[in-house]
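Asker: Please work out how this folds:
(chains A, B, C, D, E, F, G, H, I, J, K and L)
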12 protein chains.
Amino acid sequence: MSEHIYKKVELVGSSTKGTDDAIRNAIARASQTLTHLDWFEVVDTRGHIEDGKVAHFQVTLRVGFRLEG
Amino acid sequence: MSEHIYKKVELVGSSTKGTDDAIRNAIARASQTLTHLDWFEVVDTRGHIEDGKVAHFQVTLRVGFRLEG
Amino acid sequence: MSEHIYKKVELVGSSTKGTDDAIRNAIARASQTLTHLDWFEVVDTRGHIEDGKVAHFQVTLRVGFRLEG
Amino acid sequence: MSEHIYKKVELVGSSTKGTDDAIRNAIARASQTLTHLDWFEVVDTRGHIEDGKVAHFQVTLRVGFRLEG
Amino acid sequence: MSEHIYKKVELVGSSTKGTDDAIRNAIARASQTLTHLDWFEVVDTRGHIEDGKVAHFQVTLRVGFRLEG
Amino acid sequence: MSEHIYKKVELVGSSTKGTDDAIRNAIARASQTLTHLDWFEVVDTRGHIEDGKVAHFQVTLRVGFRLEG
Amino acid sequence: MSEHIYKKVELVGSSTKGTDDAIRNAIARASQTLTHLDWFEVVDTRGHIEDGKVAHFQVTLRVGFRLEG
Amino acid sequence: MSEHIYKKVELVGSSTKGTDDAIRNAIARASQTLTHLDWFEVVDTRGHIEDGKVAHFQVTLRVGFRLEG
Amino acid sequence: MSEHIYKKVELVGSSTKGTDDAIRNAIARASQTLTHLDWFEVVDTRGHIEDGKVAHFQVTLRVGFRLEG
Amino acid sequence: MSEHIYKKVELVGSSTKGTDDAIRNAIARASQTLTHLDWFEVVDTRGHIEDGKVAHFQVTLRVGFRLEG
Amino acid sequence: MSEHIYKKVELVGSSTKGTDDAIRNAIARASQTLTHLDWFEVVDTRGHIEDGKVAHFQVTLRVGFRLEG
Amino acid sequence: MSEHIYKKVELVGSSTKGTDDAIRNAIARASQTLTHLDWFEVVDTRGHIEDGKVAHFQVTLRVGFRLEG
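Answerer: Coordinates of the predicted model:
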C-alpha cells in the first residue's frame, strides 16, 4: 500500500502576470487530464520580451502524479 | 531497421526494502502498460523518514522503450 | 490566448549517418502521433560502436509541443 | 577585520501564497535563532498539489550568516 | 533571413518587491541600450538580508537579443 | 499551520554491508539528536577499498526535518 | 607576453542545414565586429519545428577572443 | 611522503543481483590489474530491462589508486 | 556471462569537417589500440578559430569497451 | 567501529591574500567549535573587487567531521 | 536607489605564477575599460603544459559591475 | 596533420603547500610516463584536515595529451 509508483511529466506554463501564476496555469491544465497530481518541481524559468518588456514568463516544471495500482 | 526511435518516461518507484527493490517496482509497474522496455537510468534517490527510521526508499528513474515504426 | 501550456517528451533518435539526421528522425517519428510540435532541446549525444566504427549516432532530445486549451 | 567567516544553513520555506513569500517565511524563521544573517541563495523550488491546485510553494534556500570571531 | 544570430548578456536585476519585479527591472535597464531583445533565462536567484528580513531580491538572467545582419 | 519551515543537514553514513545500510545508519544517528526527521536525499555514493575489496560504502545524504514554530 | 587575457561572449547561431553550419554562422557573424577570435565552446543545441520538421537548428556557443594589452 | 599522486579510472560494473554487487564486481575486476586501489565514487546507475524486468544493474564508478613514486 | 565489466577512456577527436567527423576520427584512433569498443558518449564540443573561421571542431568523448574476464 | 557517521557544514572563508589562505581561515574558525574535523571540499570561489583590485578572495567549502557515537 | 542593475562579463586570466595571480590579472585588465567592478566568480581553472610543466594557469571568471542608472 | 587525437587521464595531486603546488605535483608525476602533455582542467579541490589545520590540499585534474598518429 505504501509502495506507490509515480510518474512525472514535464510541462511549460506561461503567464503575463508572473512566475507563480505560470506555475498555477500549468498545474490547472494538467489537472484537466491527469488525476492524483501530487507535487511539482521547477526546472527552469524563462520568458519572452516584446518592446523591451516582459511579455510572458515561462516556467518549466515536472509534475508528479500517482499511478493507480 | 537499425534506426530505432526510443521514448523515455520518468517514474518514481518506492519500496520499504531498499533502493534496488524500488527500481524493480517501478519497472514492474511500467511493464503493465508499456512494451519494448529497454533500459533505465537512475535520476535521484530520496526517501521518507518516520519515527527516526527510513519508511520508504524512493528512486526516480527514466525508463527507455522502443517506439514501433 | 498568449498563455499557452506546453508539454515536453523525451525521445532518442538514432541514425547511421550523423547527429543531425538522428535529430530529424526523432522529430519525424514524433510528428506521427503529436501535433503542434514547436521546439526541441538536445539532452545528450551517444552512439554504438561496431568493428571499431560508429554504427549509430543516438541523440536524446526533449521535444516541446503546445497543448490544446 | 575584513576576513570574516560565514556559515550557510539550508532551509525550506513554504507558503500558500507564492515563492517570494516562501523565501520570506524561511528568513523570518531563521532570524529567530541566528544573528548576522547576510544573504540567501535559492537552491530549488517545488510544491505540493491538492485537488488539482498548488497547495504550497516550497523554496529551498541556503542562508549565509557571519560567524563571530 | 531565418538564419538569425543572437547574443546573450548576463544581468543581475534587484528589487525590494520580489523576484518577478527584479526580472522586470533588469529587462527595463537592458532595453535602454539594446534593441531586438527577444527572451530571457533565469540563471539564479539570491538576495540580501538586513535586520532579519529580505532587503533585496537579486535575479541573475541571461538576456538574448538579435544581432542585425 | 501548513506553512512549515524545514532545515536540511548533510550527513555521510557508512556501512560495510551496502548502500542502503549506510543510509539507514546515517538516519539512525541523526535521530539521536534531531526530532521531526521527515525525508532524505542522496547526494553521492562513494567508498573505500582495502585489499582490492570494498571496505566501506559511504553515502552522503541531506536529511530534512521540520523546525518547530 | 604569455599572460594574455581573453573575453568570452555568448552567441546563438542558427541554420536550416545543421548544427555545424549553425556554429559556422555564429562565428562568421562574430568575426564582423571582433578580432583575435580564438576558440568556441558549445553550450547547448536546440531548434524550432515547423510542420513536423526541423525548421532551424540553434546552437548556443561561447566564443573566446584575446583582449589587446 | 604525504604528497601522493592518485589516478582515477572509470569502470562500469554490472550485476543481475543489484547495485552494490555491480560495484563489488567492478572493484574485483580492477584489482586484477591495478594495485593500491584506494576509493571509488559512483558516477551513475543504469540497467537493462528484458521481458519487463531488470536484467542487469550497471553502475559507472571512478576508482582511485595511488601511483608509485 | 552477462556480468561484463567495461572501462571508459576519455578522448578528444578533432576534424576540419565537422563534429560527426571528429567523433569518427576519435573512434578510429581508439580502435587501433583497444578492442571490444562498445559505445561512446559526447562530453563536450569545442573548436579553434583562425582568421574568423572554424579551423577545427573538437569533440570530447568517453569511449566504453568491454574488459576481458 | 568502522561505520562512522560524518556531518558536513558549509562555510565561507575569506582572505585578502589568496584562495589557499581563505581555505585555511575557514578551517581555523571551524576548529574553534568543532572537533574531529576530517576533510574539506571546495564548493566555489568568488571575491569582492574594490578600486579595480581584488579586495577579498572568498572560498565556500564543505567541512566534514566525525560525529561521536 | 537600492535597486541596482549589474552586468557580468566572462574573462579568462592567465598567469605563469598561479591561480590567484591569474584572477588578479583578469581583474586588472577589466578595470582598464570598466568601472564599478564589484565582484567575481570563478567558473573554471585550466592551464597549458609545456615540457612536462605548467606553463600557464588559466582561470575563467565572471566579473560583475554595476550599470549606471 | 591538424586532426590530432588527444586522450585525457584523471589525476589527483596533493601538496601540503597549496592548490597550485598540488597541480604542479600531479603534472610532474604524469610527465614521468606520458609524453606530449598539452593541457589540464581542474575538476575539484578537496583536502584533509588534521589537528584543526589543512594537512594536504588535493586537486583532481584531467590532463590532456596528444596521441601519436
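Asker: Could you check how far the residue nearest to A:I23 when sequence neighbours are not counted is from A:E10?
Answerer: Among residues not flanking A:I23 along the chain, A:V59 sits closest, at 5.4 Å (Cβ to Cβ, 6 or more residues apart in numbering or on different chains). In short, each C-beta sits where N, CA and C put it, glycine included. Distance, A:V59 to A:E10, using Cβ to Cβ, to the nearest Å: 11 Å.
Asker: sorry, back to before: can you pull the contacts of the residue nearest to A:I23?
Answerer: A:12-14, A:19, A:22-23, A:26, A:42, A:44-46 (Cβ atoms under 8 Å, 6 or more residues apart in numbering or on different chains).
Asker: The residues you listed in strands, which ones?
Answerer: A:12-14, A:42, A:44-46 (DSSP state E).
Asker: Dump those residues into CSV; add distance to L:E3 and neighbour count as well.
Answerer: Formatted as CSV, those follow (distance: Cβ to Cβ, whole Å; neighbours: other Cβ atoms under 10 Å in any protein chain shown):
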residue, distance to L:E3, neighbour count
A:V12, 41, 24
A:G13, 47, 27
A:S14, 46, 21
A:V42, 43, 21
A:D44, 37, 12
A:T45, 41, 25
A:R46, 38, 19
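Asker: Looking at the residues you listed, which one is closest to L:T35?
Answerer: A:D44 (44.1 Å; Cβ to Cβ).
Asker: can you pull the contacts of whichever residue of chain A sits closest to chain H?
Answerer: The nearest approach of chain A to chain H comes at A:I5, 13.8 Å away (Cβ to the nearest Cβ). Residues near A:I5 by Cβ under 8 Å, 6+ apart: A:66-67, B:11-14, B:25-26, B:29.
Asker: The same query, at a cut-off of 10 Å, please.
Answerer: A:I5 is in contact with A:66-69, B:11-14, B:22, B:25-30, B:32, B:58, counting by Cβ atoms under 10 Å, 6 or more residues apart in numbering or on different chains.
Asker: tell me which element the nearest residue to it once chain neighbours are set aside falls in.
Answerer: Distance criterion Cβ to Cβ, 6+ apart; nearest residue to A:I5, sequence neighbours excluded, is B:R29 at 4.2 Å. Using DSSP states H and E, B:R29 sits within helix B:19-33.
Asker: pLDDT averaged over that helix - what is it?
Answerer: Mean per-residue pLDDT for helix B:19-33: 97.
Asker: Same check on stretch A:47-65?
Answerer: Mean predicted lDDT for stretch A:47-65 stands at 98.
Asker: For it, buried residues please.
Answerer: A:47-49, A:54, A:56-65 (16 or more other Cβ atoms under 10 Å in any protein chain shown).
Asker: From the chain's centroid, how far away is it?
Answerer: Averaging C-alpha positions (Cα atoms, centre = their mean, to the nearest Å) puts stretch A:47-65 11 Å from its chain's average.
Asker: Tell me which residue of chain A lies closest to chain E.
Answerer: Closest point on chain A to chain E, by Cβ to the nearest Cβ, is A:G52, at 3.0 Å.
Asker: For A:Q32, give me its contacts.
Answerer: Contacts of A:Q32 (Cβ under 10 Å, 6+ apart): C:5, C:67, C:69, D:52.
Asker: that older thread, check the gap between the residue nearest to A:I5 and I:T45 for me.
Answerer: From B:R29 to I:T45 the distance is 37 Å (Cβ to Cβ).
Asker: again with A:K53
Answerer: A:K53 is 35 Å from I:T45, by Cβ to Cβ.
Asker: And A:K8, by the same measure?
Answerer: Distance from A:K8 to I:T45, by Cβ to Cβ: 29 Å.
Asker: and what of A:D21?
Answerer: For A:D21 relative to I:T45 (Cβ to Cβ), the value is 37 Å.
Asker: How about A:H56?
Answerer: 31 Å.
Asker: quick one on the thing from earlier: select, from the buried residues of stretch A:47-65, the two members most distant in space.
Answerer: Going by Cβ to Cβ, the pair spanning the buried residues of stretch A:47-65 furthest: A:I49 and A:F65, at 33.1 Å.
Asker: that older thread, pull out the buried members of the contacts of A:I5.
Answerer: Applying 16+ other Cβ under 10 Å to the contacts of A:I5 flags A:67, B:11-14, B:22, B:25-27, B:29-30, B:58 as buried.
Asker: Farthest pair within those?
Answerer: B:A30 and B:Q58 (15.5 Å).
Asker: ok so, going back, please enumerate the shared neighbours of A:V59 and A:E10.
Answerer: Common neighbours of A:V59 and A:E10 (Cβ under 10 Å, 6+ apart) are A:26, A:43.
Asker: residues in chain A within reach of chain E, list them.
Answerer: A:15, A:17-22, A:42, A:44-59 (Cβ under 10 Å from any Cβ of the partner chain).
Asker: Now the residue in chain A that chain J sits nearest to. Nearest residue, chain neighbours left out?
Answerer: Nearest residue of chain A to chain J: A:D44, at 20.2 Å (Cβ to the nearest Cβ). Among residues not flanking A:D44 along the chain, A:T60 sits closest, at 5.0 Å (Cβ to Cβ, 6+ apart).
Asker: ditto for A:A30
Answerer: Nearest to A:A30 is A:V63, by Cβ to Cβ, 6+ apart, at 5.3 Å.
Asker: ok now do the nearest residue to A:N25 once chain neighbours are set aside, which residues does it touch?
Answerer: Spatial nearest neighbour of A:N25, chain neighbours left out: A:G13 (4.4 Å); criterion: Cβ to Cβ, 6+ apart. Shown in contact with A:G13 (Cβ under 10 Å, 6+ apart): A:19, A:21-30, A:40, A:56-61, A:63, C:3-6.
Asker: List the beta-bridge partners for A:G13.
Answerer: A:V59 (DSSP bridges).
Asker: per-residue pLDDT, it?
Answerer: 98.
Asker: and the gap between the residue in chain A that chain D sits nearest to and D:T19?
Answerer: Chain A approaches chain D most closely through A:S31 (3.0 Å), counting by Cβ to the nearest Cβ. Distance of A:S31 to D:T19, computed by Cβ to Cβ: 20 Å.
Asker: quick revisit: out of everything not next to it in sequence, what's closest to the residue of chain A closest to chain D?
Answerer: Nearest non-adjacent residue to A:S31 (Cβ to Cβ, 6+ apart): D:G52, at 3.0 Å.
Asker: Which helix or strand contains A:K8?
Answerer: Applying DSSP H and E, one finds A:K8 within strand A:6-15.
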